Structure formats: C-alpha cells, structure tokens
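Asks: Just the structure for this:
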Amino acid sequence: MKKLSLILASMLLILASCDKYNERNFTDYENLSRPKNITHYNDTLKSNEYLGGARYFTDIDLARDTMSSILVKKYIACDSGSTANVTYNFMDMSQIAGDPVSYLFETFEAHDAGSGSYVEMTDWTNKDIINDRLWECRTFSNNKYAQITANGNTNMVVSSYLITSELDFTDAIDPELAFDICVGYWTAACLKVLVSSNFDGTANGIESATWTDISADCGLPTTGNPSGYGVLTPIESPVSLAAFAGKKVHIAFVYDGEETKNDNPLGQNDPARKTTTYQIDNLSVQEKPAGTITERTEKYLYQGNWRWIYVSDVR
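Replies: Just a heads-up that it's a prediction; the model follows:
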C-alpha cells in the first residue's frame, strides 16, 4: 500500500513539473487548446445553384436546412462560436393571390373524333418513329380524348409520340402539368411522359432531341382492367416543371407497345404483348400567380461537430 502511494505521488509530481516546463517554454500555453478560428462570414447564395434551376426558395425550413448544409461544406476550418450571415431569395407562397398563368389547356373537343381521326393540331407532332400507329381522337359519352393502342396489328412494334406545341417558360417559376388518364385491356405499362428543351418541333427531330423522363412524377397506372376500360381520372397531383423554368419546352406522351398475338398460340395471354390502350384528356400546364420575391438575410451559428444552426433574421 505504501509502495502504491509513493508511485501515485511521483506521477503527480511529474505532471506538475510538465506544466511548469510548458509554461516556461511555450508562450501563451494556457490558450493553446482554446478555439482560435472563431470567424464571422457574410454570404449571398443563389438559390438556383442549390434548387435545380429554381431562382428562389418557397419553403423556409428547406431554405434553412440547405443553408446549414452549404455552410458545413464551405467553412470546414472554423471553430465553435463562428457565425455567418447568409442572404438568399425567398417567396412567401401564403401571400399569393390571383388567377393562374396558363401555358396549355387541351380538351380535344374541337377535334374530329373517330377511328382513323388522327390528332392533328397546329404546332403539335403526332408520329410513330417505328411504324404508323398514331394517336387518334376518340369520343365516349359526349367527351373527346386522345387514344393510342398497339392492339389489333400483326407483329407490330409501336413507338408513337404525341408532342405538344412549344411552351414558353422564359418567365416561368414553377409551372405544373396535369392531365386525366384512363387505361383499357391492360397487358403491360406502355406510356412515358417526356420533356425536351431542344426539340425542334419536327417529326424528324424527335430522335435527335434530348428528352427528360418525368413519368415517375406523373403516377401513371401500373395495372388495369385486362378485359375492359377504366374511367378517365386526373393524375394524383400536378407535376412540377420548375426544373425547366427559363426554357422553351415540348411535352411528349410516348406509347411504346408491341403486338405479338397473331404468331403466338397463347394469344391474349401472351406475356410478351404490350397492347394496353391509353386515353388522355384535359392536358393542362398552369402556374400559380407569382408573389413578391424578397431577399432574406439570416444569422447562423456554428456549434461544432459539423453543425450550423439558424439563430435569427438580420434586419
């Protein structure tokens, strides 16, 4: 026991001696372990650099989460207690009022309808890039709509595009696409919805254009009645086209189908068939009226451990 006490006493003496040595040989020794890089930053951040092309934030929580993430990546050498004033563009959506801005509204009611009555409208494109199966205007219960199917043809592969006229989003902020859809005699998913900002408006330009697939955002049907039709129903929610703000675009409804029943003894049960009938109606691209965009400046505090937090608004 006495031996253990002597060892502990010796260790304490060594530590005390080290402290005295450090104090004698290192200037400002007591402050060496304290944070030194406590800094104040001022930043003006462009929303379109972080929101896929949008020019402002509309959600304050998203804005603050984004600012915090940016500060963590941008200032990696600062110490706890550092602060940053951040300025960004913001629109208060709760203050918006007025009529929507309409870029497209098509009901097909002005079009002739019936078998072989192909959709032909000014500046629209209706083209099967593989065969000759085109979108038709049909009618049911005094309502007209566009329809496409690969059913009924022998060994036909279909890739049929129905493309809108050019939509000018030069001054747009967050236009939204909506439409009604119905499927009939379901065999497989055949429809895609695409957007292009470099399609030249000609049938020959379809394959050379760059197309962005927004089908997943549209919530297209994934199943349907195999022996009849459903009903025209609006998609679950409008699809934001904010990523295309500032551009001129075309929207394409693309049907990729294949009929194989006539050389396969399985006929209607052939799993290779892609012949689902699609109907679309009430195509709409609109935008809520814009509110006033303001600059917000906010103060953020670095708490350490890669965490910046919002503190207050800066007036």
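Asks: C-alpha only now, for contacts and for neighbours.
Replies: Noted.
Asks: and the chain, what are its domains?
Replies: 32-95+291-313, 101-287 (automatic domain parsing).
Asks: Pick out the shakiest of the ones you listed, pLDDT-wise.
Replies: Ranked by mean pLDDT, the domains of the chain bottom out at domain 32-95+291-313, with a mean of 80.
Asks: okay, the domains of the chain, which one's buried deepest?
Replies: Of all the domains of the chain, domain 101-287 carries the top mean neighbour count, a mean of 18, counting by mean count of other CA atoms under 10 Å.
Asks: Between the two ends of that domain, how far is it?
Replies: 5 Å (CA to CA, to the nearest Å).
Asks: And that domain, how far out from the chain middle?
Replies: 20 Å (CA atoms, centre = their mean, to the nearest Å).
Asks: My read is that residue 199 contacts residue 210, right?
Replies: Yes. At 7.1 Å, residue 199 counts as touching residue 210 under the criterion of CA atoms under 8 Å.
Asks: All the helices of the stretch 151-300 of the chain, residue numbers only.
Replies: 215-218 (DSSP state H, counting those that start in this stretch).
Asks: so where do the strands sit in it?
Replies: Secondary structure of the stretch 151-300 of the chain, counting by DSSP state E, counting those that start in this stretch: strands at 156-163, 167-168, 176-184, 191-196, 212-213, 233-234, 239-240, 248-259, 277-287, 293-302.
Asks: Of all those strands, which one is nearest residue 71?
Replies: Residue 71 sits nearest to strand 293-302 of all the strands of the stretch 151-300 of the chain, at 8.9 Å, using CA to CA.
Asks: picking up where we left off before, export the strands of the stretch 151-300 of the chain to TSV and tack on distance to residue 206?
Replies: Conversion of those to TSV gives the following (distance: least, CA to CA, whole Å):
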stretch	distance to residue 206
strand 156-163	8
strand 167-168	16
strand 176-184	21
strand 191-196	10
strand 212-213	13
strand 233-234	27
strand 239-240	23
strand 248-259	10
strand 277-287	21
strand 293-302	37
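Asks: quick one: which of these is nearest residue 104?
Replies: Residue 104 lies closest to strand 277-287 among the strands of the stretch 151-300 of the chain, at 4.9 Å (CA to CA).
Asks: Show me the contact partners of that closest one.
Replies: Contacting residues not belonging to strand 277-287 are listed as 100-108, 144-151, 172-186, 191, 232 [CA atoms under 8 Å, 6 or more residues apart in numbering].
Asks: Could you list the alpha-carbon positions for stretch 135-147 in PDB?
Replies: What follows is stretch 135-147, C-alpha atoms only, in PDB (Å, rounded to 0.1, in the frame of the first residue of the first chain):
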ATOM      1  CA  TRP A 135     -52.700   8.900 -81.600                       C
ATOM      2  CA  GLU A 136     -56.300   9.200 -82.500                       C
ATOM      3  CA  CYS A 137     -59.100  11.500 -81.200                       C
ATOM      4  CA  ARG A 138     -61.900   9.300 -79.900                       C
ATOM      5  CA  THR A 139     -65.200  10.100 -78.100                       C
ATOM      6  CA  PHE A 140     -67.200   8.400 -75.400                       C
ATOM      7  CA  SER A 141     -70.300   9.700 -73.500                       C
ATOM      8  CA  ASN A 142     -70.000  13.000 -75.400                       C
ATOM      9  CA  ASN A 143     -66.400  13.500 -74.300                       C
ATOM     10  CA  LYS A 144     -63.400  13.600 -76.600                       C
ATOM     11  CA  TYR A 145     -59.900  12.500 -75.800                       C
ATOM     12  CA  ALA A 146     -56.600  11.200 -77.300                       C
ATOM     13  CA  GLN A 147     -56.200   7.500 -77.600                       C
END
